[in-house]
Structure formats: structure tokens, C-alpha cells
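> Need a 3D model of the sequence below.
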Amino acid sequence: MADSDLTANAVDPPQVTSHVTPSLPTMAPDNAANSPNIPYEPLPLSEFPRSSVFRDSSRPSSGLDTPSPDTATFATVPSPRFLAAALYDEGGFNRASVASQNTSGSGAPSALGSSVYALNVQSGQPLVDQAHEELADSEQGPDDSSPTYLSEKRAAYTDPSAKSKRKLIIAGAAVAAAIVIVAIMVPVYFAVLKPNSAESSSSSSTTSSPASPSSTSSSGSLAVVSGGDGSKVTTEDGTTFIYSNPFGGIWYWDPNDPFNNNAQAQSWTPPLNQTFRFGIDKIFGVNLGGWLTTEPFMQVAVILYFSSPQAVDEWTLSQAMAADTASGGLSQLETHYQTFITEQDFAEIAGAGLNFVRIPLPYWAIETREGEPFLAKTAWKYFLKAIQWARKYGIRINLDLHALPGSQNGWNHSGKLGTINVLNGAMGYANAQRSLDYIRIIAEFISQPEYRDVVVMFGITNEPEGSTIGQDALSRYYFQAYDYVRTASGIGEGQGPFISLHDGFLGLTEWAGFLPNADRVALDQHPYLCFTTQSDAAMSTYAQTPCNAWAQSFNTSMSAFGLTGAGEWSNAVTDCGLWVNGVGLGTRYEGTYPGDWPAVGNCTTWTDWQNWDDTMKQGIMNFALASMDALQNWFFWTWKIGNSSSSGVVEAPQWSYQLGLQNGWMPKDPRAASGTCADQNIWSPPLQAWQTGGAGAGQIPASASQAYAWPPATISNAGAVTRLPSYTPTGTVATLPPPTFTVTSSKSVMTASAGDGWNNPSDTAGEMVAIATCSYLNPWIGPSAAPPSPLCSTGAAARAVPQPTITSPPRI
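Numbering: from 1, shown residues only. As a prediction, this is how the structure comes out:
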């Protein structure tokens with residue numbers, strides 16, 4: 001979240017259109033004046049067939065010819081791309097077969113080897129897993145090496161008399177076997193099976209329901225792996241909850257098939273094993289702010305910052321925690337990771353009609369260097385959990401690199417409150433080199449086929465302060481980052497993530513035409529109303545403000561740049577709320593914020609949500625609906641705000657999506673926003689082919705490559721880059737570790753291949769590290785410090801000052 005204002009001038013509202021499936025029935029929303037006869041899917045969906053997971057036949061199929069137990073019912077349903085359990089046979093895990101964005105080739109696994117093949121898809125019950133060996137035995141190909149094929153040939157060409165004798169022998173053997181079986185089974189039945197069956201029947205008669213998971217066998221060989229609305233979910237630690245999703249969402253988790261992408265957040269969102277059509281399918285997202293990158297005003301105000309009153313950012317919080325050894329030291333932060341966001345949050349997000357999460361991740365999830373007090377590498381473990389949970393509930397992830405070494409904006413959520421030291425000041429170039437390395441490391445991990453269908457977007461740098469850095473330097477940095485990501489991923493749809501670039505608070509129009517033909521690049525803006533001139537106007541007066549302020553600029557940018565969205569926005573129209581501006585900084589609204597801010601009123605009106613009347617709640621609801629419609633593709637900031645340890649309640653209520661859902665000022669279904677900005681000419685899809693990884697993607701003109709050669713000639717507040725400290729790529733790369741999954745079958749127990757953290761083995765450059773014979777300043781020193789002099793000893797200067805290079809085309 002930025003402490004800035006991005007409102008635009010009011011515009012005349014143009015006409016709205018929205019993407020819907022043409023065959024759906026029509027439902028008129030409550031606001032008939034603004035939204036006449038908008039087609040919706042019927043909602044809520046009281047039930048859904050299994051086929052609803054793949055109901056949209058207009059979407060590209062997965063590429064597999066998957067047999068169906070009921071071909072008459074499912075003839076028009078696109079086949080899912082299952083991950084066969086056979087992937088874990090002794091031959092090893094075929095990583096290429098994991099891809100599910102329509103990228104698999106003829107080597108895709110047979111559906112017969114899938115853990116979900118041959119289930120009763122008409123029962124409406126959750127899926128159950130079976131040992132894949134039983135299915136594999138029946139999957140024999142028609143070749144001479146097939147035992148089944150040879151036996152059939154021999155039977156067909158055997159002499160008739162031999163056949164007759166053989167029949168007698170077989171019949172006699174069958175009778176003998178039957179006698180033996182009866183002799184064994186009769187006592188077993190009365191001694192074991194009958195009592196167990198009675199006990200099972202008694203238990204099921206009191207617990208079963210239409211939404212309950214399907215039955216498991218008494219031996220425990222079958223396990224529930226999927227369910228829909230009303231099904232019971234068992235989490236990793238054994239706790240359970242009931243899944244609530246009235247929109248046809250399907251969760252799916254099979255521990256023996258941990259990269260299966262069958263889950264679907266809602267019926268209108270493609271399941272993870274089908275392509276999300278950017279520009280057509282809408283992003284309805286929410287941030288998981290304050291979880292892996294802390295921020296005082298949010299959830300962590302309770303657990304962390306109140307217990308460390310001297311802390312104003314994660315730097316000082318980490319120092320305070322490290323000193324508090326009696327309470328566990330720095331490990332206290334991991335307790336926050338474990339408890340603030342859990343699997344159930346992901347389930348609730350899908351049930352709220354949301355299909356994306358944006359997860360702020362700090363650079364110290366990868367590593368820290370000398371003098372940096374952060375808890376290193378731990379946040380990454382919980383990001384891996386986020387991938388697993390998102391995969392389970394069909395939610396896609398926008399990974400946002402939220403905090404860079406030295407800070408890209410000087411705000412508390414960048415790690416350290418104070419100065420900007422990325423592309424600014426004496427250490428500005430070196431910090432940018434290091435940041436680009438971290439972008440490369442993340443890109444290599446998330447571009448692996450095991451993860452690329454879940455982590456489908458990568459915000460490479462959150463809220464760089466463009467007015468300080470300068471657009472030229474920022475553009476060159478963005479282009480170099482683009483090259484690193486596409487070198488890791490390759491070019492074209494399904495090859496790694498969409499790359500999201502923040503506008504640097506320079507405005508959307510300043511980026512029109514940037515990087516023509518770049519492969520899958522999105523523009524991100526964070527439109528907030530609350531950080532500028534304050535007003536005591538009633539909430540009801542803001543009903544059309546987002547439409548007038550934002551809709552036209554986002555419409556224009558969708559054409560002038562390409563995919564454009566709001567990575568952050570909130571319902572706040574004032575800066576009221578505990579520590580919204582920072583620890584102890586007061587508010588503009590009450591005139592207590594530093595500077596000349598006349599008091600407008602008392603913040604109680606905006607924070608005492610327990611006493612809000614229906615008019616106030618409806619006013620916020622109207623503002624939220626207008627924002628959703630104006631922004632089109634969006635991520636609300638944030639999912640939850642923690643209770644204050646002093647009052648016991650949320651004290652920044654207009655920033656919590658979850659609290660709004662629970663108390664009636666956020667829509668239960670975000671599709672209800674369509675048509676709110678009635679006259680704003682909402683952009684009509686599709687994007688151009690190259691903008692979504694199609695024809696022409698990656699073919700950036702040479703003139704653009706030359707214009708954005710890296711590094712910039714000068715760094716803001718520091719001068720010529722040749723005078724500044726720089727790093728050299730000779731270090732060992734801090735590759736990100738994958739998760740560990742143990743796969744169990746009737747034959748063996750083994751560890752599933754989860755990738756090695758590095759998608760492109762040809763990317764062999766080392767990590768940027770200090771040159772032993774050169775001098776460096778503290779990375780956080782601030783822009784007023786002069787560069788070291790002399791910079792390097794004799795013979796080292798040339799290595800410390802690289803010449804600008806023109807970025808080469810990424811691999812395809």
C-alpha cells in the first residue's frame with residue numbers, strides 16, 4: 001500500500017460492457033438504472049455437476065483425449081489435464097508433463113493412469129484416490145510386447161481340440177478355487193466383515209449428507225481428494241472445516257498427485273488445468289497484505305508491533321524481536337506466518353467469488369546479507385504453502401516482490417522506513433543489480449512446469465518511487481527485469497508468468513507504447529483516494545467517484561499499453577484507521593499527521609464499524625462495486641486486518657475485505673459490480689495476440705532495445721554510473737528450494753519430483769556479489785552519501801563499471 005493519491009480528473013461516464021457467456025440466463029441487478037438486463041450465471045448455485053468444472057467448451061482443451069465413464073453426458077466437455085499417478089513410477093517424474101496451459105505434447109500421460117480416472121462422475125460426490133497400479137495393469141497397448149495382446153492372439157489361433165481341453169482344465173480349476181474361497185470367506189464374513197459393516201452402517205446413517213465426502217473403504221485405501229460446497233475439508237494438521245462455495249467451486253488435493261491442477265475457484269473461472277484468458281476472464285483478486293511482508297497498520301499491529309512499541313517497520317521490528325530472546329527471538333515472526341493466513345483463508349477467498357491472490361514477498365525470503373536484521377529464507381517456506389493452498393482451491397497467484405534491498409520507495413512496507421536506495425544515491429546501481437538477481441531467482445522457480453499454472457503473474461517491483469528514480473532509469477530497469485524473466489521462462493503463452501510493472505506513480509499514460517511486442521506484460525496502478533485532501537462528505541456521495549476518476553484511464557490503457565489492472569485499492573476515502581499512515585503518525589483527517597493538515601473531523605465516524613447503520617454500509621458497498629467495475633482487473637488491499645490489542649476489534653475497517661463480507665458492506669459476488677459505471681465505455685476484449693503470448697510475442701524492435709539498454713548512464717542523486725559501486729556476477733546463486741511431497745503407493749514410498757528451483761539450465765550466470773578489491777557503502781545509507789573514493793584498487797575499476805548493453809532476445 002502506498003501513502004499516495006492517484007485520483008484522476010472526472011470524466012463523462014461511457015457505456016459499460018462486460019464479458020459473459022452468451023448462453024447464460026439474464027438477471028437484472030438491484031441497480032436497474034445503471035445495470036439494465038446484465039446477463040449473469042444463476043447465483044448462488046445450489047448444486048453443481050462434476051461436469052461444471054469443465055463446462056465451458058469454448059476454452060481450449062487440455063490436449064488429452066480423456067475417456068469418460070459416461071460419454072453421452074460429457075461428450076461436449078473439454079477433457080481435464082490430469083497428472084497421472086504413474087508419473088511417480090520408478091522411472092521418475094516427467095516434469096514436462098506437468099504443464100497445463102495447453103502446452104503438453106503427445107507425451108502427456110494417459111488419463112487411465114490418473115488418480116481420478118473411472119470415478120462415478122455422476123454421483124455428485126467428491127473424488128477419491130485409488131492405487132494407480134490397478135489402473136496401470138489394464139492399460140496395455142496393442143503391441144507385440146503386450147501380455148494381453150499376445151494371449152488374445154494365441155487364443156484366436158489355437159487348435160480347436162487344444163481349446164476344448166484347455167476349457168475343461170480352466171473350468172476344473174475355477175470350481176476348485178471357488179470351493180477354497182467359500183471355505184475361507186464364510187468364517188471371515190461372520191467374524192470380521194459383518195460386525196464392521198454394521199458398525200459402518202450405524203455411523204454413516206448419522207453423518208452422511210449430499211455434500212459429505214464420498215465413502216472410504218474400511219481398509220482406508222481410498223481417501224477423499226475433492227469436494228464442493230458443503231464438503232468437509234481436512235487440513236494438513238488434521239483440523240477440519242466445511243467448505244462454503246455457492247459458485248460451483250471445486251477443491252482438489254491428492255497427496256499422491258501433488259501437482260494436480262483440477263481445482264476450480266468458481267464455475268466462471270477456468271480451472272487451473274485450463275488457460276486463464278487474460279483480457280477476457282476477469283481478475284477478481286485480493287491481497288494477502290501484511291502476511292509475509294509486515295506492515296504496522298494491518299494484521300500485525302496486534303501480534304507484532306504492539307509488543308514492540310519501538311518498531312516502525314520490519315527492520316526495527318526484527319531488531320526488537322531478536323533482542324527479546326525470552327519470547328523466542330526472531331522466531332516470533334514465524335509464529336505470525338503460521339497463524340495469520342491459513343488454508344481456510346484460501347477456501348474463504350474462493351467462496352467469496354475471488355479467483356486471484358496477490359502475495360507481497362520480501363527479498364529476504366531468498367537471503368540476507370551482512371547487517372540486515374530480517375528473518376532470512378523463512379517467508380519462502382510459507383509462500384510454498386500458499387502455492388499448495390492456492391492449487392487446492394483453484395486460485396491463481398500474483399507474486400509481488402514487495403521489498404528490495406535498500407528500499408525502492410522509503411516506506412515501512414519496503415522493509416525500512418526512510419530513504420530510497422534503489423536507482424537512487426551512491427548505492428542505487430548496486431542495489432538495483434542485486435534486486436534484478438532476486439527477480440531472476442524468483443522467475444526461474446515459478447517458471448517451472450510444477451508452478452507456472454498457479455503462479456501466473458509476477459509483480460517484479462512494488463511501488464518504485466518513479467519521481468525520485470526517474471522514468472528513464474526505471475524503464476531500463478524494467479526492460480532488464482523483463483529479459484531476466486523471459487530468459488528463465490521462454491516466450492509464449494504458458495511459458496512462465498505475466499510480468500506486472502507498477503506505474504511508479506507516474507500515471508498510466510506515461511507508459512503507453514512501452515516495450516512494443518513484449519511478451520505478456522501488464523501495467524499496474526494503485527488508485528487510492530484517502531492520502532490527499534480530506535473531506536467530511538458522507539460515504540453515500542462517493543457512489544460514482546471511482547467511475548468518474550478511474551474508468552476512462554484504465555479503458556484507455558487497455559488499448560494503449562495492454563493488460564492494465566489495479567494491484568491495490570481499498571474502500572477508504574479518508575486516512576482514518578490505526579497506523580494507516582505509519583506508527584504514531586496520526587491522520588490528516590484529524591489534523592495530527594506531520595505537515596499542514598487542517599482537522600476535518602473525528603475519525604470515529606470512519607472506524608466505529610460496529611455502529612455503522614445501513615446507509616453507511618450501503619454507501620461503502622456502492623463505492624466498492626463502482627471501483628470493481630471501473631478497474632476491471634483488480635486486487636483489493638487487503639483480505640484481513642487484525643484486531644487491535646487495545647480495543648480488541650479491527651480499527652481500519654475499510655481496508656478489510658473479509659470484515660466487509662462478514663458485516664454486509666462488500667458484495668457476496670463480485671460479478672454484481674458489472675454495469676455500475678453505466679456510461680464509461682468499458683474496454684472490450686480481446687487483447688492483441690502478442691500481448692497474451694501469441695503471434696509476434698517477444699519480437700521487441702531493436703530501437704526499443706537500444707533505447708532501454710542497461711545500465712542507465714546516470715543514477716538519480718549520484719551522477720554517472722561509472723563513479724558508483726557495482727557488483728560482479730561471480731557468486732553462488734541462492735536457488736529457491738522446492739517443497740517436499742512424499743508419494744505413497746501399494747508398491748513403494750518415494751519423494752515426488754518438485755523441480756530443482758531453476759527452469760532454464762542454460763542460465764548459468766553467477767549471483768551479483770561484491771568485488772574484493774572495491775569499496776562499498778551500506779546499502780541503506782541514503783542518497784546524500786558520496787561514493788567511495790577511490791572506488792576500487794588498480795585493476796578492479798574496469799570490472800566494477802560495466803558498459804551499457806543491449807538486451808538480447810530471450811529464448812523461445
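> Double-check that residue 500 belongs to a strand.
Yes: counting by DSSP: H, G, I helix; E, B strand; the rest coil, residue 500 falls inside a strand.
> List the contacts of the residue lying closest to it once chain neighbours are set aside.
Nearest residue to residue 500 in three dimensions, chain neighbours excluded: residue 459, at 4.1 Å (CB to CB, 6 or more residues apart in numbering). Just so you know, the C-beta spots here come from the backbone N, C-alpha and C atoms, and that holds for glycine as well. Taking CB atoms under 8 Å, 6 or more residues apart in numbering as the criterion, residue 459 is in contact with 358, 398-401, 500, 502, 524, 567.
> what pairs with residue 459 across the strands?
residue 400, residue 500 (DSSP bridges).
> Now do the strands in the stretch 701-812 of the chain.
Taking DSSP state E, counting those that start in this stretch, the strands of the stretch 701-812 of the chain run over residues 714-715, 719-720, 728-731, 742-744, 749-751, 767-769.
> Which members of the contacts of residue 459 are the farthest-apart pair?
399 and 502 (13.7 Å; CB to CB).
> Show the contacting residues for residue 502.
459, 461-464, 524-526, 567.
> farthest-separated two in those residues?
Farthest pair in the contacts of residue 502 (CB to CB) is 461 and 525. Separation: 13.9 Å.
> What ranges in the stretch 651-800 of the chain fall below the confidence cut-off?
Within the stretch 651-800 of the chain, the ranges that satisfy pLDDT under 70 run 680, 795-800.
> same thing with the chain?
Residues of the chain meeting the criterion pLDDT under 70: 1-222, 298-309, 680, 795-812.
> change it to 80
For the chain, the stretches with pLDDT under 80 are 1-223, 297-310, 645-646, 679-682, 794-812.
> Compute the number of surrounding residues for the residue lying closest to residue 775 once chain neighbours are set aside.
Nearest residue to residue 775, sequence neighbours excluded (CB to CB, 6+ apart): residue 788, at 3.6 Å. Neighbours of residue 788 under the rule other CB atoms under 10 Å: 15.
> Now do the same contact list for residue 788.
426, 725, 774-777.
> need those residues in CSV with neighbour count and distance to residue 447, can you?
As requested, the contacts of residue 788 are exported to CSV (neighbours: other CB atoms under 10 Å; distance: CB to CB, whole Å):
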residue, neighbour count, distance to residue 447
426, 26, 34
725, 25, 31
774, 21, 33
775, 16, 36
776, 18, 31
777, 18, 34
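> Could you work out the most separated pair of those residues?
Top of the distance list for those (CB to CB): 426 and 774, 12.8 Å.
> Residues that sit against both of the two, list them.
Common neighbours of residue 426 and residue 774, using CB under 8 Å, 6+ apart, are 725, 788.
> Name the nearest residue to residue 462, sequence neighbours excluded.
The spatially closest residue to residue 462, leaving aside those adjacent along the chain, is residue 402, at 4.4 Å (CB to CB, 6+ apart).
> Surely the one you found is in a strand?
Yes: assigned with three-state DSSP, residue 402 falls within a strand.
> From residue 407, how far out is residue 368?
Noted for residue 368: a distance of 14 Å to residue 407, by CB to CB, to the nearest Å.
> same check, this time on residue 501
Here residue 501 is placed at a distance of 18 Å from residue 407 (CB to CB).
> Which of these two has more residues huddled nearby?
residue 407 (28 against 25).
> and the closest residue to that one other than its chain neighbours, what does it touch?
Residue nearest to residue 407 in three dimensions, not counting chain neighbours: residue 414, with 4.2 Å by CB to CB, 6+ apart. Shown in contact with residue 414 (CB under 8 Å, 6+ apart): 402-404, 407-408, 462-463.
> which of these lies closest to residue 327?
Nearest to residue 327 among the contacts of residue 414, with distances taken as CB to CB, is residue 403, at 24.1 Å.
> and the residue nearest to residue 462, how many neighbours?
Using other CB under 10 Å, the number of residues around residue 402 comes to 25.
> before we move on, what about residue 237?
Using other CB under 10 Å, residue 237 has 7 other residues around it.
> same check, this time on residue 450
The number of residues packed near residue 450 is 25, by other CB under 10 Å.
> Could you say which helix or strand holds it?
Assigned by DSSP states H and E, residue 450 belongs to no helix or strand.
> again with residue 555
Applying DSSP H and E, one finds residue 555 within helix 552-560.
> Other residues contacting that helix?
Under the criterion CB under 8 Å, 6+ apart, residues 8, 11, 14, 279, 507-509, 511-513, 523, 525, 564-566, 630-632, 680-683, 687 lie in contact with helix 552-560.
> In helices, which of the residues you listed appear?
Of the contacts of helix 552-560, the ones assigned to helices by DSSP state H are 630-631.
> So which of the contacts of helix 552-560 belong to strands?
Mapping the contacts of helix 552-560 onto strands (DSSP state E) picks out 523, 525, 564-566.
> So which of these is the closest to residue 254?
Once CB to CB is applied, the member of the ones in strands among the contacts of helix 552-560 that ends up nearest residue 254 is residue 565, at 32.5 Å.
> Could you measure from the closest one over to residue 493?
Using CB to CB, we find residue 565 at a distance of 18 Å from residue 493.
> between these two, who's got more neighbours?
More crowded of residue 565 and residue 493, by other CB under 10 Å: residue 565, with 26 against 18.
> Name the nearest residue to that one, sequence neighbours excluded.
Among residues not flanking residue 565 along the chain, residue 633 sits closest, at 3.5 Å (CB to CB, 6+ apart).
> give me the number of residues near that neighbour?
Per other CB under 10 Å, the neighbour tally for residue 633 reads 22.
> need the contact list for it.
For residue 633, the contacting residues are 282-283, 285, 563-566, by CB under 8 Å, 6+ apart.
> For it, give me phi and psi.
Phi and psi for residue 633, reported as degrees, to the nearest 10, are phi -120, psi 120.
> could I get stretch 457-464 in CSV with only the CA atoms?
The C-alpha coordinates for stretch 457-464 follow below in CSV (Å, rounded to 0.1, in the frame of the first residue of the first chain):
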residue,chain,number,x,y,z
MET,A,457,1.7,-13.3,-12.6
PHE,A,458,4.9,-11.7,-11.3
GLY,A,459,4.9,-8.1,-10.0
ILE,A,460,8.6,-7.5,-10.3
THR,A,461,8.8,-4.4,-8.0
ASN,A,462,6.2,-2.9,-5.8
GLU,A,463,5.7,0.8,-6.0
PRO,A,464,9.1,2.2,-7.0
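> distance of residue 465 from residue 630?
With distances taken as CB to CB, residue 465 is found 25 Å from residue 630.
> Same check on residue 707?
32 Å.
> Which one's more surrounded, the two?
Set residue 707 next to residue 630 and count neighbours by other CB under 10 Å: residue 630 wins out with 30 against 14.
> Straight-line length of stretch 527-534, end to end?
16 Å (CA to CA, to the nearest Å).
> wait, stretch 510-528
By CA to CA, the extent of stretch 510-528 from end to end equals 19 Å.
> buried set for it?
511, 514-515, 518-528 (16 or more other CB atoms under 10 Å).
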